[in-house]
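In: give me a model of this one.
(2 chains)
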Amino acid sequence: MCGIAGLFLKDQRLAPELGGLLSGMLEALSDRGPDSAGFAIYGDGDAGQIKLTLRAAPSFDFAELMASLGKVAGALIAYQVYDTHAVISIATDREAVIAAALVGMKDVDMVARGKRMAVFKEVGLPADVAKRFGLSAMSGTHAVGHTRMATESAVTTNGAHPFTTGTDQCLVHNGSLSNHNDVRRELIRQGMTFRTENDSEVAAGYISSQMAAGASLQDAMTSSLSALDGFYTFVIGTESGFGVLRDPIACKPAVMAETDRWVAFGTEYRALVDLPGIDVAKVWEPEPAKVYLWERH
Amino acid sequence: MPTVDLASSPLRELNGALHKLTPNTNETHWTVTNPRGQHNIAVGLDFPVEIDIDGHVGYYCAGMNKQARVTVRGNAGQGVAENMMSGRVHVTGDASQAAGASGNGGLLVIDGNASARCGISMKGIDIVVKGSVGHLSAFMAQAGKLVVLGDAGEALGDSIYEAQLFVRGTVTSLGADCVEKPLRDEHKVELKKLLDDAGVEGVSPDEFRRYGSARKLYHFHIDNVGSY
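Out: Below is the predicted model:
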């Protein structure tokens, strides 16, 4: 099972509604993935700044952490707390000292890095997870979300999607890969690190490694068709891109819809029914082994 | 002429009401609004009633249908008209995977495209797709006719038994034991009737090619062991 919801806005006047729309989409996919949920939101970015998403144990004192990080960085840290997560925004030249200070810290972990992307995920029903993080109030240009029914690894926050393995890059997956151990070993040999034993994290890592080597998102998705074996529907986010790919056998369901204001992906059409203008949207099933990609310019 | 709005009325109530109909019912034409992609709409019907569904439906719409005529004015999710016994199901948009799967009888008409595994394991249903069908369509198809006005994807008719396949466009590849066969006059007559029943105009049976079983695989023969 598992459910995927993705939304890419063409009309930026919808930006303030992005989180609210995604929240509804995720909730509609609850019975496909009731054990955990997560999402990546691509919001505003400031030149020279980087966003780091931190995740901590429940009731962690983020204020205390930020005060100590502020001393290390020699500046006040701008941050916002979202339940077990916090997103800090810092000048890129301060990032190294902050990252170094976070290494080895108990109960808190840096889980995502992006100029515009922040990633939130937790164990629980999708509607509860969305509410805990205040998803409805979030705005941005595009978002990728997932509701999980675990098959390949344990129900943990780390095992929830999206997986992010590169700056502003995230991937959600419905399916199961059969050669992930092989691919993971190769990527580790190339210097990549993984947080989990999860097959989907390997898919994210593969895309990131291809892009780090200079491939475009289009090319990275195309080469994953031969590199990754198994069942998958992927939705992938980058700073400016939104990609969809299904395995050649198309084992996992997928529906897309598009209007002149947005492009949306849903594992089932039920996830799309409340999008504005869905009645006049072009609705279709993405073809197997075909790369679908939208980019902001 | 009952109208059921699924935005305000539970699906179980609709299906329950349809199952309680009697053979002499006067409520022979139902309209269903706001299906919003719900699964299992109008499944298990067993009376000659008409059901008009105004919008996109989810999985298994009109599954196990007997006698009823169900029209989906939109797209259908996986397994539309699966295991249909008789009657007619018409999708005005596209259908997802496994349309008409295991169908025993009746007619399924899809105005748009059907994706993978259309007519998988069909056992007597007739299916007319005005667009194209995806890969592995008519997989292990046993009986009935699949008519495709557009193209067919990879491995058409893989491990086919006695179903007949008619494709007007290109076939990416034929599956194991599926071969092209001559389109004889008796096939053209059957095909013409199906095209008429499906409301297809201006298309001649001569434009199709016929595919079916080479009958080499479905009785085990040691010489074919490499093909299994």
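
In: can you give me the strands in chain B?
Out: B:3-5, B:29-33, B:50-54, B:69-72, B:88-91, B:107-110, B:123-129, B:143-148, B:164-167, B:178-181, B:209-213 (DSSP state E).

In: would you list the phi and psi of the one residue in chain A that gets nearest to chain B?
Out: For chain A, the residue closest to chain B is residue A:269, as judged by Cβ to the nearest Cβ, at 3.5 Å. The way it works is simple: take the backbone N, C-alpha and C, and place the C-beta from them, glycine included. Main-chain torsions, residue A:269, degrees, to the nearest 10: phi -60, psi -30.

In: one more: residue A:171?
Out: Here residue A:171 shows phi and psi, under degrees, to the nearest 10, equal to phi -140, psi 140.

In: can you pull the contacts of the closest residue to residue A:242 other than its chain neighbours?
Out: Nearest residue to residue A:242, sequence neighbours excluded (Cβ to Cβ, 6 or more residues apart in numbering or on different chains): residue A:8, at 3.9 Å. Counting by Cβ atoms under 8 Å, 6 or more residues apart in numbering or on different chains, residue A:8 touches A:141-142, A:242, A:262-264, A:294.

In: residues near the nearest residue to residue B:19 once chain neighbours are set aside, how many?
Out: The spatial neighbour of residue B:19 that comes closest, neighbours along the chain excluded (Cβ to Cβ, 6+ apart), is residue B:44 at 6.3 Å. Close neighbours of residue B:44, defined as other Cβ atoms under 10 Å in any protein chain shown, add up to 15.

In: any idea how far residue B:44 lies from residue A:98?
Out: 61 Å (Cβ to Cβ, to the nearest Å).

In: so where's the stretch 101-250 of chain A uncertain?
Out: A:152 (pLDDT under 70).

In: strands of that one, start to end?
Out: Assigned strands in the stretch 101-250 of chain A, in chain order: A:108-114, A:117-123, A:142-148, A:163-166, A:169-177, A:230-237, A:241-246 (criterion: DSSP state E, counting those that start in this stretch).

In: and these as TSV, adding mean neighbour count?
Out: What follows is the strands of the stretch 101-250 of chain A, written out as TSV (neighbours: other Cβ atoms under 10 Å in any protein chain shown):
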stretch	mean neighbour count
strand A:108-114	20
strand A:117-123	25
strand A:142-148	30
strand A:163-166	26
strand A:169-177	26
strand A:230-237	24
strand A:241-246	24
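
In: any residues of chain A in contact with chain B? List them.
Out: Applying Cβ under 8 Å from any Cβ of the partner chain, one finds that chain A approaches chain B through A:249-250, A:253, A:255, A:268-270, A:272-273, A:283-285, A:287-288.

In: so which of these belong to strands?
Out: A:255, A:283-284.

In: ranking those residues by neighbours, who comes first?
Out: Result: residue A:255 is most packed of those (other Cβ under 10 Å), 23 neighbours.

In: that one contacts residue A:282, correct?
Out: No: using Cβ atoms under 8 Å, residue A:255 is not in contact with residue A:282; the gap is 11.3 Å.

In: longest single helix anywhere in chain B?
Out: Secondary structure assigned by DSSP state H gives helix B:185-197 as the longest helix of chain B.

In: low-confidence ranges in chain B?
Out: Applying pLDDT under 70 to chain B flags residues B:227-228.

In: what ranges does it have for its helices?
Out: Going by DSSP H, chain B shows helices at B:11-19, B:185-197.

In: between strand B:143-148 and the last one, find me the angle.
Out: Counting by axes from the mean of the first three to the mean of the last three Cα atoms, to 10 degrees, helix B:185-197 lies at 70 degrees to strand B:143-148.

In: tell me which strands and helices helix B:185-197 is in contact with?
Out: strand B:123-129, strand B:143-148, strand B:164-167 (3 or more Cβ pairs under 8 Å, 6 or more residues apart in numbering or on different chains; DSSP states H and E).

In: related to what we said a few turns ago, show me what the residue nearest to residue A:242 is bridged to.
Out: residue A:142, residue A:263 (DSSP bridges).

In: state the pLDDT value of it.
Out: Looking at residue A:8, its pLDDT stands at 98.

In: now do the contacts for whatever residue of chain B ends up closest to chain A.
Out: Taking Cβ to the nearest Cβ as the measure, chain B has residue B:37 as its residue closest to chain A, at 3.5 Å. For residue B:37, the contact set (Cβ under 8 Å, 6+ apart) comprises A:268-270, A:272-273, B:56-58, B:77.

In: now swap in residue B:224 and tell me
Out: Counting by Cβ under 8 Å, 6+ apart, residue B:224 touches B:216-217.

In: ok so, going back, need the max-distance pair from the contacts of residue B:37.
Out: Largest separation among these by Cβ to Cβ: A:272 and B:57, giving 13.3 Å.

In: neighbour count: these two, which is higher?
Out: A count of neighbours by other Cβ under 10 Å puts residue B:57 above the other of residue A:272 and residue B:57, at 31 against 25.
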